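Peer 1: based on what follows, work out the 3D shape:
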Amino acid sequence: MGTTRRTIIALGLVLLFAGVVSAGTTLEFTSHQVTEPGFADWWKEGIARFESQHADVKIQATQEQFEVHHNKIQTRFAAGNPPDIVHVSTRFYFDLAARGLLEPLDPYLSKENILKDWIPLQQTLVVGGKTYAMLLLNHLYAFYYNEQMFKEAGVAVPKTLDEMGQAAKKLTTGPNRYGISLVTAPSTDMYLEFSKLLGGFGGDWTPGGKLTVNSSEAVKALTFYRSLVKEGYAPRNQLAANARLLFFSGKTAMIIDGPFILAMRAKAPETVKPYVRVTLPPVQRILTGQATSISMPASLDPAKKKLVWDFMKVLASPEMQRKQAELIKAPGMLKGSVTPEIIAQIPEMATFTKSMELAEMQEFPVGYERYFEKYSKILIDGFTEALSTDRDSKAILDDAQKKIEAALK
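Peer 2: Numbering: from 1, shown residues only. Model (predicted):
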């Protein structure tokens, strides 16, 4: 056999097997939602559907605590060994995309546009003219309250934040019985907690298109936030998970949070479960934002990229989007995923859908998304100072504004 013929055969074999996954392939998937109520069942369903279509491929799902997960994602990208499936809270997505660490989805979408009927918020994931992620969940907020606790205290459901503050005072009836659950421990969720209040007083992070953290509405929001804590109406040092548990265990009377926490009601004690009610939050402007997204590393093997895309297609299917509403208790990103049948089964879904329609304030300042870690850390330090000192709210936010402007130069 001549050299030329052997070369041609060898090249043909390379082309034949290019992109073919070997038997026993495993896709690594890490997330902060693998074991979280509601999400756990949804991920299990999606993985099972994918694996039924790919007999020799397994998805290895690993649970990580929220902060640990996102720190590890950054570390692993820096080390050159990111997980095959990149699932992140979208606040961390923008920097990964801007640094060229994620695979553009546009070539895949040009052939199979699975996102053509996605909610408009998907368009905010375009970075430098390219789409690097599929939005899986958006942040939307509702007002949860314990009807029995409200009746016992003779308190009406609040329509404004001022009324909510007054209700929190009346509903605080003992050392372990608080009016409201708030995130009061330093964390990214502390930033989101404050953002709800900022919108609640009619404010915005980018009035006039500039990141502004010391507006009059922000000062009012910080003064309100710290008063709820300092007066003892909300417990101190609470991360988001603890704040939610306090509500569903009957230790607090109300909380403003996302639809997905409704799944926690199923495991609430019988003294709480029948009395959980959901309505629109008592705010001037309802907050929204990109919650979680799914991507793939740019450095991933081409064959695995095709598999991750297939997994995305499964998650984007109408069936899985309806399952999102049923299992996670949150509207899917596919328009029309909340059907009349789902609302009949889960009446609260009507409130969640209405909240999504009315939401107008972006929790991540438009145009500044990739700098989230810089400006949020400065703000969280300021919020923490507000809860631990008597320093003036405006002075704290004025300092934060100066630090953010210096950090973003």
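
Peer 1: contacts, neighbours, all on C-alpha from now
Peer 2: Will do.

Peer 1: please, where are all the helices along the stretch 201-350 of the chain?
Peer 2: Under the criterion DSSP state H, counting those that start in this stretch, the stretch 201-350 of the chain contains helices at 216-230, 240-248, 302-316, 318-323, 340-345, 348-358.

Peer 1: hmm, who's touching the last one?
Peer 2: Right, the one you point to is helix 348-358. Outside of helix 348-358, the residues within contact range by Cα atoms under 8 Å, 6 or more residues apart in numbering are 140-142, 259, 278-280, 286, 288, 325, 329-331, 338, 342-343.

Peer 1: now the two most distant members of those residues.
Peer 2: The largest distance within the contacts of helix 348-358, taken as Cα to Cα, falls between Ile286 and Ile342 and amounts to 23.4 Å.

Peer 1: more neighbours: which of these two?
Peer 2: Per other Cα atoms under 10 Å, whichever of Ile286 and Ile342 has more neighbours is Ile286, with 27 against 18.

Peer 1: any idea how far the more buried one is from Ile180?
Peer 2: 18 Å (Cα to Cα, to the nearest Å).

Peer 1: returning to that earlier point: of the contacts of helix 348-358, which is the most crowded?
Peer 2: Within these, neighbour counts (other Cα under 10 Å) peak at Ala330, which reaches 29 neighbours.

Peer 1: from the contacts of helix 348-358, which is closest to Phe50?
Peer 2: For the contacts of helix 348-358, the nearest to Phe50 is Ala325 (19.4 Å; Cα to Cα).

Peer 1: what number of residues are in the vicinity of Val366?
Peer 2: By the criterion of other Cα under 10 Å, Val366 has 15 neighbours.

Peer 1: these two touch, right, it and Gly208?
Peer 2: No. With contacts counted by Cα atoms under 8 Å, Val366 stays clear of Gly208, the gap being 11.0 Å.

Peer 1: Gln33: what's it in contact with?
Peer 2: Listed by Cα under 8 Å, 6+ apart, the contact set of Gln33 reads 39-40, 63-64.

Peer 1: cool, and Arg265?
Peer 2: Per Cα under 8 Å, 6+ apart, neighbours of Arg265: 248, 273, 276.

Peer 1: what do you get if the cut-off is 10 Å, keeping everything else the same?
Peer 2: By Cα atoms under 10 Å, 6 or more residues apart in numbering, the residues touching Arg265 are 37, 245, 247-249, 272-276.

Peer 1: hmm, which of those residues are the buried ones?
Peer 2: 37, 245, 247-249, 272-273, 275-276 (16 or more other Cα atoms under 10 Å).

Peer 1: grab the most central residue of the chain for me.
Peer 2: Ala291 (2.7 Å; Cα atoms, centre = their mean).

Peer 1: which pLDDT value goes with it?
Peer 2: On pLDDT, Ala291 comes in at 91.

Peer 1: what is the neighbour count of Glu373?
Peer 2: Neighbours of Glu373 (other Cα under 10 Å): 13.

Peer 1: how near is it to Asn138?
Peer 2: 19 Å.

Peer 1: at which residues are the strands of the chain located?
Peer 2: Here the chain has its strands, by DSSP state E, at 25-31, 57-63, 85-89, 126-127, 130-131, 134-139, 142-146, 254-257, 276-279, 287-295, 361-362.

Peer 1: partner strands of the second one and their direction?
Peer 2: Meaning strand 57-63. If you go by DSSP bridges, strand 57-63 pairs up with strand 25-31 (parallel).

Peer 1: hey, C-alpha coordinates of the partner strand in CSV?
Peer 2: Provided in CSV are the C-alpha atoms of strand 25-31 (Å, rounded to 0.1, in the frame of the first residue of the first chain):
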residue,chain,number,x,y,z
THR,A,25,-18.9,9.1,28.4
THR,A,26,-19.8,11.2,31.4
LEU,A,27,-20.7,14.9,31.4
GLU,A,28,-19.8,16.7,34.6
PHE,A,29,-22.5,19.0,35.9
THR,A,30,-22.2,21.0,39.2
SER,A,31,-24.9,23.2,40.6
